[in-house]
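Asker: based on what follows, work out the 3D shape:
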Amino acid sequence: MSPEALPLTRRSFLRAGTTAALALTAAGCGFASDDDPAGAAAAHAPIDVKVDGDLVYFNWADFVDPAVFEGFQKEYGVKVVQSNFDSMEGMAAKLNAGNRYDIIFPTAKWAQRLAAGGRLRTIDHSRLKNAEAVFGGYGYFADPWYDPGSAHTVPFTMYKTGIGWRRDRLGDLTGSWSDLWNEQAKGKVFVLDDRDEVLGMGALKLGLGLSTGDPAELDRVTDTLRSLRPRLRGFSSDSYNNLLNGNADMTQAWSGDMAAMLAQAEDPSVFGFEVAREGAPVNSDCYAIPANARHPGTAMLFINYMLRPENVKKNIEYIGYPMPVRGTEDTYAALVEPFPQCLVTADDLGADLFFRNGTAADERARDAAWTDVKAG
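Answerer: Below you'll find the model as predicted:
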């Protein structure tokens, strides 16, 4: 993969916007139903898997190999009309504003919000010839917590959060979130610019629940993170570039971004990636079809096309994130051979360290805690 092909902006603009979160409705669900019985019935109607128009696509930037897009367009005689979001809140705002897309890619907790709000079409997996490679190989996704029976989603990627660092500057670490407080790295430490990830890291360090919304527990978390602030260079989700260009000696990082970094690193042995013994958050992005999609048949064709093993392998090598499709595991394992802790397995998923939706009060408390952490 050439340097030009690398997804340099992969999640580098991810934000957890407080005002957007406060604007979302109901007890942590985030979306209100449209109170339209006809629309609700349509959302549950089976989708004919056929070309019914061009594909209006909404995802993170550079999250699908351009060659895969080109192959889909050529095979089905359609165009992929791309739009990108820079956060889940940004995606939600576009949907709530009435924008219409055929395929979107929410994270697990946002898929739950969308489904609860009646914003997703149901997906009949039996109509996707290649879906068996997912659900037959990764039993977790047959009935995930965020979408019972995977009724509205198909998993797209998996990843977990850990610490990336420069071995050439810091040597070995201890395997704990406490390593972010390493005195030797002071002033060259970054954490992700992401509310859930940073609060979750502090909670895990203290032995608390990953998505706690309890004000007393969040006070403990913010006190802990306040002690990290003097050591931080900043909040940034561009983890691999910060390590590569020397801005960071250590950074909280997503496993997939560390894998993508390997394609640029002249000497991968200079870097390390560890998963903290206190626990590593895991997450997944999903394929989903909005309830108001104009071309759901083309969206189903696209999902099925993306699940072909040859396309999965291309995409893994392009974005650096594993995709839960049986028969493609060796591709990701080869990519992350220098960083074996980047591997995400069914056991990792079963550890149940996903970020969860809380009540409206929980989300307000977490927003307030995040504001305190960012303010220092």
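Asker: contacts, neighbours, all on C-alpha from now
Answerer: OK.
Asker: for stretch 67-79, buried residues please.
Answerer: Neighbour-count burial for stretch 67-79, counted by 16 or more other C-alpha atoms under 10 Å, picks out 68-69, 72-73, 78.
Asker: make that stretch 226-233, sorry
Answerer: So, applying 16+ other C-alpha under 10 Å, buried residues of stretch 226-233: 226, 228-229, 231-233.
Asker: over to stretch 268-287?
Answerer: 268, 271-276, 278-287.
Asker: for this structure, which segments count as strands?
Answerer: Under the criterion DSSP state E, the chain contains strands at 55-59, 80-84, 103-104, 153-166, 189-191, 232-235, 250-254, 271-274, 282-288.
Asker: list the contacts of the second one.
Answerer: In other words, strand 80-84. 54-61, 69, 73 (C-alpha atoms under 8 Å, 6 or more residues apart in numbering).
Asker: any idea how far it is from the middle of the chain?
Answerer: 18 Å (C-alpha atoms, centre = their mean, to the nearest Å).
Asker: likewise the longest one?
Answerer: Strand 153-166 has its average C-alpha position 7 Å from the chain's average C-alpha position, going by C-alpha atoms, centre = their mean.
Asker: before we move on, what about the fifth one?
Answerer: Averaging C-alpha positions (C-alpha atoms, centre = their mean) puts strand 189-191 19 Å from its chain's average.
Asker: the third one now?
Answerer: What separates the centre of strand 103-104 from the centre of its chain is 14 Å, taken as C-alpha atoms, centre = their mean.
Asker: which secondary structure elements does it contact?
Answerer: In terms of contacts (3 or more C-alpha pairs under 8 Å, 6 or more residues apart in numbering; DSSP states H and E), strand 103-104 is packed against strand 55-59, strand 282-288.
Asker: quick one: work out the angle between the first one and strand 80-84.
Answerer: On the basis of axes from the mean of the first three to the mean of the last three C-alpha atoms, to 10 degrees, strand 55-59 is oriented at 20 degrees to strand 80-84.
Asker: now the last one
Answerer: Strand 282-288 runs at 140 degrees relative to strand 80-84, counting by the same axes, to 10 degrees.
Asker: begin at 25 from now on, thanks
Answerer: In the new numbering, first residue 25, that becomes strand 306-312.
Asker: elements contacting strand 306-312?
Answerer: Using 3+ C-alpha pairs under 8 Å, 6+ apart: strand 306-312 touches strand 127-128, helix 132-140, strand 177-190, helix 370-374.
Asker: per-stretch mean pLDDT over these, give me the minimum one.
Answerer: Among those, helix 370-374 carries the lowest mean pLDDT, a mean of 84.
Asker: return the alpha-carbon coordinates of that one using PDB.
Answerer: Output in PDB follows, covering the C-alpha atoms of helix 370-374 (Å, rounded to 0.1, in the frame of the first residue of the first chain):
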ATOM      1  CA  ALA A 370     -14.400 -13.200  19.900                       C
ATOM      2  CA  ASP A 371     -13.000 -13.400  23.400                       C
ATOM      3  CA  ASP A 372     -12.400  -9.700  23.400                       C
ATOM      4  CA  LEU A 373     -16.000  -9.000  22.300                       C
ATOM      5  CA  GLY A 374     -17.300 -11.300  25.000                       C
END
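Asker: quick one: buried residues of that helix?
Answerer: Buried residues in helix 370-374 (16+ other C-alpha under 10 Å): 372-373.
Asker: rewinding a little: adding distance to R332, write the helices and strands packed on strand 306-312 out as JSON lines.
Answerer: Output for the helices and strands packed on strand 306-312, formatted as JSON lines (distance: least, C-alpha to C-alpha, whole Å):
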{"stretch": "strand 127-128", "distance to R332": "17"}
{"stretch": "helix 132-140", "distance to R332": "22"}
{"stretch": "strand 177-190", "distance to R332": "12"}
{"stretch": "helix 370-374", "distance to R332": "20"}
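Asker: out of those, flag the one nearest A283.
Answerer: strand 177-190 (10.5 Å; C-alpha to C-alpha).
Asker: out of the contacts of strand 104-108, which one sits closest to K229?
Answerer: W84 (29.7 Å).
Asker: the closest one contacts G114, doesn't it?
Answerer: No: assessed by C-alpha atoms under 8 Å, W84 is found out of contact with G114, at 10.7 Å.
Asker: confidence score at M347?
Answerer: 96.
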